[in-house]
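[1] Here is a sequence with its predicted model. Questions after.
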Amino acid sequence: MNEIATRCIDIIAKSKSIPADSISLANTFDELNIDSLDKINISFEVEEAFNIEIPDEALSTLRTVGDMVEGVTKLTSAPAPIPTP
């Protein structure tokens, strides 16, 4: 498992007070009892941990831990936007 996956799983585990080793990329948020408010709180933690911004519309498409890891991977590998003067 890569560093992004490990960090995302650790954030979810801490948020839900469950052991990180019981979470896999295949777990759905429903299986982990993550509701919409949990998802928002977890997304804030992930944004801070990776210094990224997750678009609000992307949150509604996340169904599994793997979806979150895939999204974070894409956002962290995207070129930084050029600041406007």
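    Cool, got the structure.

[2] Output the contacting helices and strands for the worst-scoring helix or strand of the chain on mean pLDDT.
    The weakest-scoring helix or strand in the chain, judged by mean pLDDT, DSSP states H and E, is helix 56-59 (a mean of 88). For helix 56-59, the packing partners by 3 or more Cβ pairs under 8 Å, 6 or more residues apart in numbering; DSSP states H and E come out as helix 36-50. C-beta here means a position set from N, CA and C on the backbone, and glycine is covered the same way.

[3] Ramachandran angles for the residue most central in space within the chain?
    Per Cα atoms, centre = their mean, the C-alpha nearest to the average position across the chain is that of residue 68, at 4.2 Å. Dihedral pair for residue 68: phi -60, psi -50, per degrees, to the nearest 10.

[4] Distance check, it against residue 18.
    15 Å (Cβ to Cβ, to the nearest Å).

[5] quick one: the residue nearest to residue 54 when sequence neighbours are not counted and residue 21, what's the gap?
    Distances taken as Cβ to Cβ, 6 or more residues apart in numbering place residue 43 nearest to residue 54, at 5.0 Å, with adjacent residues excluded. In this view, residue 43 and residue 21 are 23 Å apart by Cβ to Cβ.

[6] quick one, which of these two is more surrounded?
    Shown here are residue 43 and residue 21; by other Cβ atoms under 10 Å, residue 43 has more neighbours (21 against 8).

[7] Was I right to think the more buried one contacts residue 60?
    No. Residue 43 is not in contact with residue 60 according to Cβ atoms under 8 Å; the separation is 11.1 Å.
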